[in-house]
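Visitor: fold the following and give me the result.
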Amino acid sequence: MQFSYSRVSLFKDCPYHFKLRYIDKLTEIPKLDANNPLIIGNAMHKGIETDKETMLEEYYNSFPVITNDQVHEAMKLEILLEKVKEYFDDEEDVEYIHEYKIDVPELKGFVDLIVRYPDGKSYVIDFKYSNYIKNYVDSGQLHIYQHFLEKAGFNVQGLGYLFIPKTNIKKKDSEDLHQFRTRLIKEVNSSEVTFLEISFNQKKVDEFFADCKRINNATKYPKNVSGNCFGCNPNFAPNFLEAIQNEKGDIEMTLPKNERREKKIDTRPDLWLYADSYVGKSTFVDQFDNLLFANTDGNTDNTSSPVVAIKDKVWKEGRQTKRKYGWEVFLDMIRDLETEDNTFEAIAIDLYEDLRDHCRNYVMDKYGWEHESDGGYGKGWQMVTKEFQNAIKRLKALDYQIIYISKEVKKDVTLSGGNVKTTYLPNIDEKTANFTTGTVDLTIRAYMDNKDNRVLQLAKHPNIFGGGRFNFLIDKIPLDMTEFINALVDAQENAVKNGVKTETKQKRKPRDKKEDLEEVVEDTTDDNGEELAPVAKRTSYYTDGTEFVKLEKDDVIPEGFEKTTKKAYEASLVEEVEDEEVVEEEVKEAPKTRERRQRKPRAEKEDAEETKEEAPRRKRRKSSK
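Guide: The predicted structure is shown next:
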């Protein structure tokens, strides 16, 4: 096992959480608070190495969307970066080596800064964004770094920590935003960076190697042996995707991991789609094959996939009125999916925020509350949150594609210069939003542009809640499934081309359905060693600059033709006609790659509603002719 200082420190504090992270390899859902120390530390390191603009870009890109809280932290970072750079301004004729990587069999780590003088003497500095200087006096981190740096040829003459001060003040009820920010700037400006010099101690290095040996020989993993484990504190407990946890963060059950396999193109990512009403978000999602809708609002006229209605059910038994909450219906659906065979490949929750409300109503009724605050300070909200998150984790543990659908809200954010920027985000509370985006591969927004075109926003923008594991080559596309699949494939093929490992989750295979995912790397020669003609990997459009053609999968690509877009292909068809009537006919006959299923007439809506007995095991409805 290759060790790091943080890995060994965690074992010394809490072998139990060491095991969860490094042996069980549970996935920790990131906490996207504006003052997240890891995010702030990474941004500050980037700023010290580069400049203010790069630092702010690094910071803001770590979040799904910009908020006032993040603007406040960014304002602090700007001031503190200047203080750090001023600290080193007096140094001349020295070499600054940032983020030096130690990667040897015994240790992997990054040295924040090595200052090397012309005479070869080097000084090792680690940056700490903290006010608790005494906590680092006995740390072995720099001693271990010196040991391995000297083995690499550095002449290390000194060690030290540079402490970057934290400022934790909150806006008063009596303050407006401008008054608070003025006070914040004054407070940060009055703070100072502090340097703590450390003398090398070989004993710290020996202790590190002894701890590594203890880890290799460990068979038991008790909790919080040092009494200092943050993970054992309910306020800081990690939230694991593959674990059912109570409100204290304790793991009650570990779920099976949804393993990934490499070198596959993922055309069915887990995603969260949000949009304003009537944009067509549900209709778009309905185009995924073998889909089951968990619908909360009864609006199913424009979709044809099977539906489980997530709503409260009330009935009479004698003189008693019985109620089954919508949340209980949802839990029943999960149990059916866990235990019953079916042909579904994807589950869509529509609307996601309504499901969160169903959970809240269920928990409050269970404990006789009128509001979460009736459960005690913070405890009621925490119980609702854990109930909701644990159910979502159970759903995620099944090998289906999971899709969340939400409505959109707008919020104004005041930037540091006073300009107001409108942000677009899903209609759900911030903490639930941050949890949810950490469980999906992609969070995207759909909207109507000023020409009434339905658009899917792919690229990440600071004012648009979104992001994910795909680096798209295009900013936005029409709200069309074929365009979306093409953008996904292009992004992943480009990542492989540039040497970035791509992964795709292993999804449930429906009965009698063959694997339809494509290998990124394919043979280019036949059995006799002859070069194979290039073929289309999917329905695609090509041009030689004059002629446009549509090719299906495995069609040979004509020599001299390059890939183009569906939009350009259809535009070429329009240009071939001479009058509006013919133009209209040509557009109607533009090639389609997917047959749309017939939508249910409005009059049939009531008859088609799901009941408990109609199961999430039904097959997809067939279109009527």
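Visitor: skipping adjacent residues, who's closest to the residue nearest the centre of the chain in space?
Guide: Residue closest to the mean C-alpha point of the chain, counted by C-alpha atoms, centre = their mean, is residue 438 at 3.9 Å. For residue 438, ignoring the flanking residues on the chain, the nearest one in space by C-beta to C-beta, 6 or more residues apart in numbering is residue 29 at 4.1 Å. Bear in mind the C-beta positions are built from the backbone N, C-alpha and C, glycine included.
Visitor: please report the distance of that neighbour from residue 435.
Guide: Per C-beta to C-beta, to the nearest Å, residue 29 is found 6 Å from residue 435.
Visitor: of the two, who's got more company?
Guide: With neighbours defined as other C-beta atoms under 10 Å, residue 29 and residue 435 compare such that residue 435 has more, 22 against 18.
Visitor: pull out the buried positions in the host helix or strand of the more buried one.
Guide: Here residue 435 sits within helix 430-437, counting by DSSP states H and E. For helix 430-437, a neighbour-count test (16 or more other C-beta atoms under 10 Å) marks 430, 432-437 as buried.
Visitor: partners of the longest strand seen in the chain in the sheet?
Guide: The single longest strand within the chain, with elements called by DSSP state E, is strand 401-414. Paired with strand 401-414 in the same sheet, following DSSP bridges, are strand 271-275 (parallel), strand 346-350 (parallel), strand 420-426 (antiparallel).
Visitor: and the first one, how far from the chain's centre?
Guide: So the one you mean is strand 271-275. What separates the centre of strand 271-275 from the centre of its chain is 13 Å, taken as C-alpha atoms, centre = their mean, to the nearest Å.
Visitor: got the angle between it and helix 430-437?
Guide: 130 degrees (axes from the mean of the first three to the mean of the last three C-alpha atoms, to 10 degrees).
Visitor: quick one on the thing from earlier: list residues touching both of residue 29 and residue 435?
Guide: Shared contacts of residue 29 and residue 435 (C-beta atoms under 8 Å, 6 or more residues apart in numbering): residue 239.
Visitor: over to residue 362. Which of the three states is it?
Guide: helix (DSSP: H, G, I helix; E, B strand; the rest coil).
Visitor: ah, wrong one, I meant residue 93
Guide: Here residue 93 is coil, with the state taken from three-state DSSP.
Visitor: that one contacts residue 118, correct?
Guide: Yes. Counting by C-beta atoms under 8 Å, residue 118 is a contact partner of residue 93 at 5.6 Å.
Visitor: neighbour count winner among those two?
Guide: residue 118 (9 against 6).
Visitor: and that one, what element?
Guide: Applying DSSP H and E as the criterion places residue 118 outside every helix and strand.
Visitor: stretch 485-504: how far from the chain's middle?
Guide: The answer for stretch 485-504 is 17 Å, by C-alpha atoms, centre = their mean.
Visitor: what of stretch 230-248?
Guide: For stretch 230-248, the distance to the chain centre is 19 Å (C-alpha atoms, centre = their mean).
Visitor: which positions in that stretch come out as buried?
Guide: 231-232, 237-245, 247.
Visitor: pLDDT check: weakest of those?
Guide: Least confident entry in those, by pLDDT: residue 247, with 81.
Visitor: can you list the strands that whatever helix or strand comes next after the helix holding residue 435 pairs with?
Guide: Counting by DSSP H and E, the next helix or strand C-terminal to helix 430-437 is strand 442-448. Here strand 442-448 is paired, per DSSP bridges, with strand 271-275 (parallel), strand 454-457 (antiparallel), strand 467-468 (antiparallel).
Visitor: just put these in a markdown table and tack on mean pLDDT, distance to residue 81 and mean neighbour count.
Guide: Shown next, in a markdown table, are the strands paired with strand 442-448 (pLDDT from 0 to 100; distance: least, C-beta to C-beta, whole Å; neighbours: other C-beta atoms under 10 Å):
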| stretch | mean pLDDT | distance to residue 81 | mean neighbour count |
| --- | --- | --- | --- |
| strand 271-275 | 97 | 33 | 26 |
| strand 454-457 | 97 | 31 | 20 |
| strand 467-468 | 93 | 24 | 19 |
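Visitor: columns distance to residue 176 on top of those strands, output as JSON lines?
Guide: Listed next are these as JSON lines, based on distance: least, C-beta to C-beta, whole Å:
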{"stretch": "strand 271-275", "distance to residue 176": "30"}
{"stretch": "strand 454-457", "distance to residue 176": "32"}
{"stretch": "strand 467-468", "distance to residue 176": "31"}
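Visitor: just the CA coordinates for stretch 105-117, please, in CSV.
Guide: Backbone C-alpha positions of stretch 105-117 (Å, rounded to 0.1, in the frame of the first residue of the first chain) are rendered in CSV as follows:
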residue,chain,number,x,y,z
PRO,A,105,6.6,3.3,-3.3
GLU,A,106,6.5,4.4,0.4
LEU,A,107,4.8,7.8,0.0
LYS,A,108,2.6,9.9,-2.3
GLY,A,109,2.3,13.6,-1.4
PHE,A,110,2.5,17.2,-2.7
VAL,A,111,4.8,19.8,-1.2
ASP,A,112,3.0,23.2,-1.3
LEU,A,113,6.2,25.2,-1.9
ILE,A,114,9.9,24.7,-2.1
VAL,A,115,12.0,27.9,-2.1
ARG,A,116,15.4,27.1,-3.6
TYR,A,117,18.3,29.6,-3.4
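Visitor: let the chain start at 57 from now.
Guide: In the new count, where the first residue is 57, that last one comes out as stretch 161-173.
Visitor: return the distance of it from the chain's centre.
Guide: With C-alpha atoms, centre = their mean as the basis, stretch 161-173 stands 30 Å off its chain's centre.
Visitor: what do you get for stretch 444-462?
Guide: 14 Å.
Visitor: find the nearest non-adjacent residue to residue 253, please.
Guide: Nearest one to residue 253, counting by C-beta to C-beta, 6+ apart, is residue 216 at 4.6 Å.
Visitor: mind listing the helices for the stretch 307-456 of the chain?
Guide: For the stretch 307-456 of the chain, the helices defined by DSSP state H, counting those that start in this stretch cover 337-341, 382-395, 408-423, 435-453.
Visitor: and those helices as a markdown table, adding mean neighbour count, mean pLDDT and distance to residue 221?
Guide: Listed next are the helices of the stretch 307-456 of the chain as a markdown table, based on neighbours: other C-beta atoms under 10 Å; pLDDT from 0 to 100; distance: least, C-beta to C-beta, whole Å:
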| stretch | mean neighbour count | mean pLDDT | distance to residue 221 |
| --- | --- | --- | --- |
| helix 337-341 | 22 | 96 | 45 |
| helix 382-395 | 17 | 95 | 46 |
| helix 408-423 | 19 | 95 | 38 |
| helix 435-453 | 19 | 93 | 31 |
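Visitor: reformat the ones you listed as TSV; add distance to residue 164.
Guide: As requested, the helices of the stretch 307-456 of the chain are arranged in TSV below (distance: least, C-beta to C-beta, whole Å):
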stretch	distance to residue 164
helix 337-341	42
helix 382-395	39
helix 408-423	39
helix 435-453	30
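Visitor: of these, which is nearest residue 165?
Guide: Smallest distance to residue 165 across the helices of the stretch 307-456 of the chain (C-beta to C-beta): 32.1 Å, for helix 435-453.
Visitor: wait, which of the helices of the stretch 307-456 of the chain is closest to residue 280?
Guide: That would be helix 435-453 among the helices of the stretch 307-456 of the chain, by C-beta to C-beta, at 20.3 Å.
Visitor: residues contacting the closest one, please?
Guide: 295, 297-303, 311-314, 326, 386-387, 390, 393-394, 403, 411-412, 415-416, 418-420, 423, 425, 427-431, 458, 487-488, 491-492, 495.
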